[in-house]
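Engineer: task: produce atomic coordinates for the following.
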Amino acid sequence: MQDNSGLPDDRHGVNSAFTAQSAHYDSDDRANHVIQDLRRQVYKHVEGFIKPSSRILELNAGICIDAQYFISKGHSVLATDLSDGMVNELKKKKIEARQISYEQISQIGERFDFVFSNFGGLNCIDDLSKVTTHLPGLLNTGGVVTFVIMPKISPWEI
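Structural biologist: Now for the predicted structure:
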């Protein structure tokens, strides 16, 4: 795991906030019927584009509910997250994980069939081009991207 003490203040704050949520994030998510319905809708969308046995890069994977779904469907996943706590949860579940910011994805050094970020992980970035600039170097020919961006206020999270 990388040392996050040198992170800029904004990323250090994101790390701390999501680490604090990591222990109960899974149970909170699974108990929220609205989020579960939205997640099913996202999966239905993704199934229309993703090829069998795809190699997937998941950005801001959190505790990897989506990674687990994709793995259960026969895909392989590299899950990324900035948060110490979230990456610890990923490793407990034996999910291939790297602790990096979405702004550092060019350092991954491999290509994917599908790049995915769900439920607003990319809402934490001030300029989406900091991510999209790296996509050509990460995607295999014919690769697909699905980003789920949430509104600033999400009634189902209140």
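
Engineer: now the helices: where do they sit in the chain?
Structural biologist: For the chain, applying DSSP state H gives helices covering 9-31, 33-47, 65-72, 84-92, 129-132, 135-138.

Engineer: read off the pLDDT value for residue 154.
Structural biologist: pLDDT for residue 154: 66.

Engineer: by residue count, what's the longest strand in the protein?
Structural biologist: Determined from DSSP state E, the single longest strand within the chain is strand 139-147.

Engineer: buried residues, it. List them.
Structural biologist: Across strand 139-147, burial judged by 16 or more other C-beta atoms under 10 Å covers 139, 143, 144, 145, 147. Every C-beta, even on glycine, is put in place using the N, C-alpha and C of the backbone.

Engineer: where does the protein have low pLDDT?
Structural biologist: Within the chain, the ranges that satisfy pLDDT under 70 run 1-30, 120, 154-158.

Engineer: can you rerun that using 50?
Structural biologist: Within the chain, the ranges that satisfy pLDDT under 50 run 1-9, 17, 20, 22-24.

Engineer: specify the beta-bridge partners of residue 116.
Structural biologist: residue 58, residue 146 (DSSP bridges).

Engineer: distance check, it against residue 80.
Structural biologist: 11 Å (C-beta to C-beta, to the nearest Å).

Engineer: what is in contact with the two at once?
Structural biologist: Counting by C-beta atoms under 8 Å, 6 or more residues apart in numbering, the shared contacts of residue 116 and residue 80 are 57, 58, 59.

Engineer: tell me how far the last one lies from residue 106.
Structural biologist: Just to be clear, that refers to residue 59. 12 Å.

Engineer: more neighbours, these two?
Structural biologist: residue 59 (23 against 13; other C-beta atoms under 10 Å).

Engineer: pretty sure that one sits against residue 119.
Structural biologist: No. Because the distance of 11.3 Å does not satisfy C-beta atoms under 8 Å, residue 59 is recorded as not touching residue 119.

Engineer: OK, contacts around the residue lying closest to residue 152 once chain neighbours are set aside?
Structural biologist: In this structure, residue 152 finds its nearest non-sequential neighbour in residue 123, 7.5 Å apart by C-beta to C-beta, 6 or more residues apart in numbering. The neighbours of residue 123, taking C-beta under 8 Å, 6+ apart as the test, are 149, 150, 152.
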